[in-house]
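**Student:** curious how this folds, go ahead:
(2 chains)
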There are 2 protein chains.
Amino acid sequence: MDKRESLTLAQRRVFLDAAKEFTTAVRTELRSCSVSGWSVETKKDGSWVTSVDRRIEVLLLELIRKRFPDHGFIGEETGALNNNAEFQWLVDPIDGTEEYVRGMAHYGTILALHYQGKPVVGVIDHPALEISCTAAFGLGVFCNGQQLRLQQRPKAQMEREALIVVPARDDFLRHTDKSVVFNRITAAYPNHRIFRTCYGHTCAALGHVDAAIEYNVRAWDLAATRLLIEEAGGRYEQVREINVPTIGPLYGAVFGEAVLVERLMALLRVDT
Amino acid sequence: MDKRESLTLAQRRVFLDAAKEFTTAVRTELRSCSVSGWSVETKKDGSWVTSVDRRIEVLLLELIRKRFPDHGFIGEETGALNNNAEFQWLVDPIDGTEEYVRGMAHYGTILALHYQGKPVVGVIDHPALEISCTAAFGLGVFCNGQQLRLQQRPKAQMEREALIVVPARDDFLRHTDKSVVFNRITAAYPNHRIFRTCYGHTCAALGHVDAAIEYNVRAWDLAATRLLIEEAGGRYEQVREINVPTIGPLYGAVFGEAVLVERLMALLRVDT
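**Tutor:** Predicted coordinates for the structure are as follows:
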């Protein structure tokens, strides 16, 4: 039995409603940050962090601790707190910091609650696009209040012409050079987009693209995605897990239309 | 002397204001289309066209003819009308039809007026993103009413980490296989995004990305871009022009930060 089944629907709703409240608070905080300005730093791994990322993460940590004092917390900036708890909140305050800093609208806040390692609630929120996707296990996935249901697309459309979101070549160069995988995927599915934020996950859940791939990302980057995709009737598969000293585990996943996910898995799994 | 100098500032303003009016009319029409629905067809070249593309182009043609009866018109769906006129309007009613049909917000309307082959007015309008960039020769470029001025970025940021928008691999496969150019560009600048619509042009004019590339596109796809970029203080270079039987001429261009455009030109021009 899926351990999540032991949570009542009412319990799941409580968690979902809490996650939505937290997201609303994040949007408010982001609006005030856009007025007051922010500072940018480059982290050890070369990625960017802003004072806004930190502020949002602290805000979420405080809200979660106050509401669910016995739950654990894993955040991009904070690390792991209370990591033996059965319930763990995973947070990426601004996924797509470069987009945020440069003024593009594709960044998003990722928030998820996992129970015994499995997602119970997932939220991807795009404040600038005014798109919010929320899901709870067994309760469906909703985008701005409307339930999402991936429609089966004709198999023929899952061929070469399929529209997929892929990572940038850079993502295949982390730790070891896997750029041959980038070449293989982009050659097999030449009609691709590259967003480099969780906007691609949102597009996959909405059916705006046929599938999306992530490669060498952190746990919080994917924390909400499986639930969003599966509750929409799509397929989500983890295809990679490596442990990089000083950085930690990096993951790869492919998700969206079941038929296409199967085909992409074959291309992603061939080791090189 | 630049022939466009022979047009008075007052004349250019008249054309600019007309282009803005036409764009407003397009937005209104698009709203009514989103209510009434649309049909989709696949064209001979494999690209999509919707009843909305046709409706918007007919609307623009009518508005232009009524206002400037002696001007020429070149549209994606209509072809060329009155093509000996000194003034030519170039139109792409929906650039990014696939985005429009699938529900993504990155599509845009492109509208430009050329005088003796050179751009006098350029508009890229993104109705779903509520972003409108408008430029007139010598009068600057504005985005939602705010003047754009590309800031000189530190040269170091124009290295490998630079953020660029590139075409999909598919664009390098039109007519002849130039996918080696895709490999070269994505390897030299691994922090790229792929939008496949004029949203990348907008991002380059706004400085949200450092540069953008188009490859094997039609004249109307680039019709507004040079003016938007140059009026913002950036550099625009055409790097490719080929004539494909049954399709017509296809172009390539690179635009944005001058330093980076120079480097990208070198990578694009090496013939393979």
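
**Student:** okay, CA-based contacts and neighbour counts for the rest of this
**Tutor:** Fine.

**Student:** is whichever strand or helix holds residue A:91 in proximity to chain B?
**Tutor:** Using DSSP states H and E, residue A:91 sits within strand A:87-95. No. Strand A:87-95 stays clear of chain B (CA under 8 Å from any CA of the partner chain), getting no nearer than 15.1 Å.

**Student:** ok, that strand: who's next to it in the sheet?
**Tutor:** Each strand paired with strand A:87-95, and its direction, by DSSP bridges: strand A:72-75 (parallel), strand A:108-115 (antiparallel).

**Student:** who's in contact with the last one?
**Tutor:** Yep, that's strand A:108-115 we're talking about. For strand A:108-115, the external contacting residues (CA atoms under 8 Å, 6 or more residues apart in numbering or on different chains) are A:4, A:15, A:19, A:23, A:86-96, A:119-127, A:197-199, A:220-221, A:223-224.

**Student:** I only care about the residues you listed that end up buried; give me the ChimeraX line for that.
**Tutor:** To isolate the buried ones among these in ChimeraX, judged by 16 or more other CA atoms under 10 Å in any protein chain shown, type:
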select /A:4,15,19,23,87,88,89,90,91,92,93,94,95,96,119,120,121,122,123,124,125,126,127,197,198,199,220,221,223,224
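
**Student:** ok, and the closest non-adjacent residue to residue A:105?
**Tutor:** Computed as CA to CA, 6 or more residues apart in numbering or on different chains, the closest residue to residue A:105 that is not its neighbour in sequence is residue A:128, at 5.2 Å.

**Student:** now do residue A:127
**Tutor:** Leaving aside its sequence neighbours, residue A:127 sits nearest to residue A:27 (CA to CA, 6+ apart; 6.2 Å).

**Student:** from residue A:143, how far out is that neighbour?
**Tutor:** 16 Å (CA to CA, to the nearest Å).

**Student:** from the chain's centre, how far out does the strand or helix carrying residue A:99 sit?
**Tutor:** Using DSSP H and E, the element containing residue A:99 is helix A:97-102. Between the centre of helix A:97-102 and the centre of its host chain there is 17 Å, according to CA atoms, centre = their mean, to the nearest Å.

**Student:** which positions within it qualify as buried?
**Tutor:** Neighbour counts using 16+ other CA under 10 Å place A:97, A:98, A:99, A:100, A:101 of helix A:97-102 among the buried residues.

**Student:** tell me the average confidence for the one helix or strand the residue nearest to residue A:127 maps to?
**Tutor:** According to DSSP H and E, residue A:27 maps onto helix A:9-36. Mean pLDDT, computed over helix A:9-36, is 94.

**Student:** what's the angle between that helix and strand A:108-115?
**Tutor:** 150 degrees (axes from the mean of the first three to the mean of the last three CA atoms, to 10 degrees).

**Student:** and the contacts of the next helix or strand after helix A:9-36?
**Tutor:** Going down the chain from helix A:9-36, the next helix or strand is strand A:40-42, by DSSP H and E. Identification of contacts with strand A:40-42 by CA under 8 Å, 6+ apart yields A:48, A:49, A:50, A:51.

**Student:** let me know the average pLDDT across strand A:40-42.
**Tutor:** Average pLDDT, strand A:40-42: 81.

**Student:** how far off centre is it?
**Tutor:** For strand A:40-42, the distance to the chain centre is 22 Å (CA atoms, centre = their mean).

**Student:** buried sites along the helix or strand that that strand is followed by?
**Tutor:** Using DSSP H and E, the helix or strand that follows strand A:40-42 in sequence is strand A:48-50. Going by neighbour count (16+ other CA under 10 Å), the buried part of strand A:48-50 is A:49, A:50.

**Student:** packing partners for strand A:48-50?
**Tutor:** Other elements packing on strand A:48-50 under the criterion 3 or more CA pairs under 8 Å, 6 or more residues apart in numbering or on different chains; DSSP states H and E are strand A:40-42, helix A:97-102.

**Student:** give me the mean pLDDT for that strand.
**Tutor:** 82.
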